[in-house]
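Chemist: could you work out the structure for the sequence below:
(one chain, ligands or ions: 1)
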Amino acid sequence: MPEPLRVGLAGLGTVGSAVAAMLDRSRAALAERAGRPIDVVAVASKDPPKDATLDLSKMRRIEDPVALARDPGIDVFVELMGGEADPAKGSVEAALGIGRSVVTANKALLARHGVALARLAEKHNAALCFEAAVAGGIPIVKTLREGLGGSRIARIYGILNGTCNYILTRMHEERLSFAECLKDAQRLGYAEADPTFDIGGFDTAHKLAILTSLAFATEVDADAVHVEGIESISLADLQAADELGYRVKLLGVAQRTEAGIEQRVHPTMVKQGSVIGEVEGVTNAIAIDADTMGLTLMGPGAGGKATSTAVVADLMDLAGGRRVLSFGRPASALSKAERAPMQRHEGGYYIRLAVVDRPGTAATIARRMAEQTISLESIVQRGRDRRPHGGEDPRSADKPAPVVLITYATTEDAVRRALAAIEHDGVLAEKPQVIRIEKS
Ligand SMILES: NC(=O)c1ccc[n+]([C@@H]2O[C@H](COP(=O)([O-])OP(=O)(O)OC[C@H]3O[C@@H](n4cnc5c(N)ncnc54)[C@H](OP(=O)(O)O)[C@@H]3O)[C@@H](O)[C@H]2O)c1
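Modeler: Residues are numbered from 1 along each chain as shown. As a prediction, this is how the structure comes out:
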C-alpha cells in the first residue's frame, strides 16, 4: 500500500468533525480512488469535536494551529477554524510558507487575503485549495477553474446564502413577516445568534468576490462588491412580485459591462419558473453565462455533510498528485478589476411607493420618470384595505396608497434621480422600496 497522505486538521467544529468522520468512514474507498489512503494524523481543536463519536485516539493533539501547520509529521494542513484573522490566517501562511499545501473552507480569509495567499503558495510550490469555501457541496470552484477554463464568462449569478433563501421562501409560502422567519431560522440553526453577516448580504459578498476572481481572472476584491441585505423586504413586496410573475431572491451577481466588472449583492426580482426563481429553502444555486454555454449548478450550500464532501474532494486531488493553481492561473496574471460603478448599472426596476392620495399624484410620478427617460412597463395602483362585502374600507381612507412601478431597462442613476425628485415633490408617505430585476 502506498504511503498515506498525512493530514493535520485545525478546527473540529461542524465541518472539521464531518471531514474527520468521512475520511475515517470511507478510508478504503478513498484510497482506491485517490491512489493512497488519506489519514488525519494530528488535530488542533479548542473543544471536544462536535461529533462525539469521533475516535481521536490515533491522532496527535497539538494545541497551537500554527505549530500544527509547521509540524513535520503532516503533508497537508486543513484549516477549518474560520475567520479572516489569526489563527486561521497565521496558520495558513505558516503552512504555505514552508511549501505545505493547504485545504480550507474559509471564505472570509480568501475574500480578504486570497491573492496574497495564492502568491505565497506559488512562491513555495504549494497548493491552496478551497472548493468548500463557496456554496458548500456544489463543485463551483472546479467548474470555473477547470471545467470552463476554455470559455469566456459574461455573467455569474446565484443564490449563495441558504439562510436568506430560507427566510424569503418561508415569507413567500406562509405569508410570515421577515422577523418571524428570522426567529425560526435561528431556532432551526440556519441563522447565527447575530445574523447580520448572512441577512446583510456580507456572506454572499465574500463568496461572490471569490467567484468573480475565478470567472474573470481578476484579483479578489471584497470591497468592490455593492452589498444590500434582505432586511427591508416586506410581505407587500413578495405579494406584488407574485402578482407580477416574479420571485424575490438575494442574489450575488458578477458581470462584465462596458464600465468594468460589476459585483453586486442585493434582493432581486427573478422570473417565476426560471431555474433560479424556483430554488427554495436553504438550497444554493449558481448560474453561469459563458460564450460556450449556459450552466446552472444547484445543491446544498452548507452543513457538515455537503461541505466536508468538498474538503475531501480537494484532499483526493492532493493525494493523487493533481495540483492546479489556486485561481486557475498564476496570481501575477490576475488583473486589478476595473470596478463598474453601481450608478451605471442597467436593468429593469421594481419600485413600490406609498403615496399620499391627492389629485395629480399619479401625474407627478409619471412626469418625474419621463424626465429621466424611464419607460414604465407597468404601473399598478394597489387598492387600500377592502370591506368584507366589497368597496374600500373607509377607515383606510387616510392611509397612503401603494403604487407599484415596473420599469423597462434603465440606469440606477436615472432611478435614483427620479425618486429623489418624487420625494422632493412631497407625495411620498414612506421611503420608496427599490428592487432590481435580473434576467434569469
Ligand atoms: N458550517 C458550514 O456549513 C460551512 C459551509 C461552508 C464553509 N464553512 C466554513 O468552514 C469553516 C468552519 O466552519 P464551521 O461551521 O465548522 O465552524 P464551527 O462549527 O464554529 O467550527 C470551528 C471550530 O474551530 C475551532 N477553533 C477556533 N479557534 C481555534 C483555535 N485557535 N485552535 C483550535 N481550534 C479552534 C472552534 O472551537 P471553539 O468553538 O471553541 O471556538 C470550532 O470548534 C469556516 O471558515 C466556515 O466559513 C462552513
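
Chemist: partner strands of the host helix or strand of residue 435 and their direction?
Modeler: Using DSSP states H and E, residue 435 falls within strand 433-437. Strand pairing for strand 433-437, determined by DSSP bridges: strand 260-271 (parallel), strand 346-355 (antiparallel).

Chemist: chain center to the shortest one: distance?
Modeler: Centroid displacement of strand 346-355 relative to its chain, using Cα atoms, centre = their mean, to the nearest Å, is 24 Å.

Chemist: what comes up buried for stretch 296-316?
Modeler: 298-304, 306-316 (16 or more other Cβ atoms under 10 Å). The way it works is simple: take the backbone N, C-alpha and C, and place the C-beta from them, glycine included.

Chemist: most packed of the strands paired with strand 433-437?
Modeler: strand 260-271 (a mean of 23; mean count of other Cβ atoms under 10 Å).

Chemist: downstream of that strand, the next helix or strand is which one?
Modeler: Once the chain leaves strand 260-271, the next helix or strand it forms, by DSSP H and E, is strand 283-290.

Chemist: direction included, what does that next one pair against?
Modeler: Strand 283-290 is paired, per DSSP bridges, with strand 153-159 (antiparallel), strand 294-300 (antiparallel).

Chemist: among those, which is nearest the ligand?
Modeler: strand 294-300 (8.7 Å; Cβ to the nearest ligand atom).

Chemist: average pLDDT for the closest one?
Modeler: Average pLDDT, strand 294-300: 97.

Chemist: so what touches that strand?
Modeler: Strand 294-300 is touched from outside by 135-140, 143, 148, 162, 275-276, 279, 282-288, 306, with contacts defined as Cβ atoms under 8 Å, 6 or more residues apart in numbering.

Chemist: stretch 428-440: which residues count as buried?
Modeler: Here stretch 428-440 shows 428, 432-438, 440 as buried, counting by 16+ other Cβ under 10 Å.

Chemist: span of it from start to end?
Modeler: The first and last residues of stretch 428-440 sit 32 Å apart, counting by Cα to Cα, to the nearest Å.

Chemist: chain center to that stretch: distance?
Modeler: 21 Å.

Chemist: thought residue 175 was touching residue 242?
Modeler: No. The criterion here is Cβ atoms under 8 Å, and residue 175 misses it with residue 242 at 10.3 Å.

Chemist: specify the local secondary structure of the residue of the stretch 251-400 of the chain found nearest the ligand.
Modeler: Nearest residue of the stretch 251-400 of the chain to the ligand, counting by Cβ to the nearest ligand atom: residue 302, 3.3 Å away. Classification of residue 302 using DSSP: H, G, I helix; E, B strand; the rest coil returns coil.

Chemist: is it in contact with residue 134, as I believe?
Modeler: No. If you go by Cβ under 8 Å, residue 302 and residue 134 don't touch, sitting 11.0 Å apart.

Chemist: now do the contacts for the closest residue in space to residue 87 that isn't next to it in sequence.
Modeler: Leaving aside its sequence neighbours, residue 87 sits nearest to residue 65 (Cβ to Cβ, 6 or more residues apart in numbering; 4.3 Å). Going by Cβ under 8 Å, 6+ apart, residue 65 touches 10-11, 44, 79, 81, 87-88, 90-91.

Chemist: can you check residue 130 too?
Modeler: Contacts of residue 130 (Cβ under 8 Å, 6+ apart): 103-107, 110, 141, 210, 314, 326.

Chemist: cutoff 7 Å now
Modeler: Neighbour list for residue 130: 104, 110, 141 [criterion: Cβ atoms under 7 Å, 6 or more residues apart in numbering].

Chemist: list phi and psi for it.
Modeler: phi -150, psi 40 (degrees, to the nearest 10).

Chemist: separation between it and residue 256?
Modeler: Computed as Cβ to Cβ, to the nearest Å, the residue 130 to residue 256 distance reads 23 Å.

Chemist: next: residue 170.
Modeler: Residue 170 is 35 Å from residue 256, by Cβ to Cβ.

Chemist: these two: which has the busier surroundings?
Modeler: Neighbour count, other Cβ atoms under 10 Å: between residue 170 and residue 256, residue 170 has more, with 20 against 17.

Chemist: what touches both of residue 175 and residue 242?
Modeler: Joint contacts of residue 175 and residue 242 (Cβ under 7 Å, 6+ apart) do not exist.

Chemist: not counting its neighbours along the chain, what's nearest residue 407?
Modeler: residue 349 (4.6 Å).

Chemist: how near is the closest residue to residue 98 other than its chain neighbours to residue 3?
Modeler: The shortest distance from residue 98 to any non-neighbouring residue, by Cβ to Cβ, 6+ apart, is to residue 70 (6.2 Å). Using Cβ to Cβ, residue 70 is found at 20 Å from residue 3.
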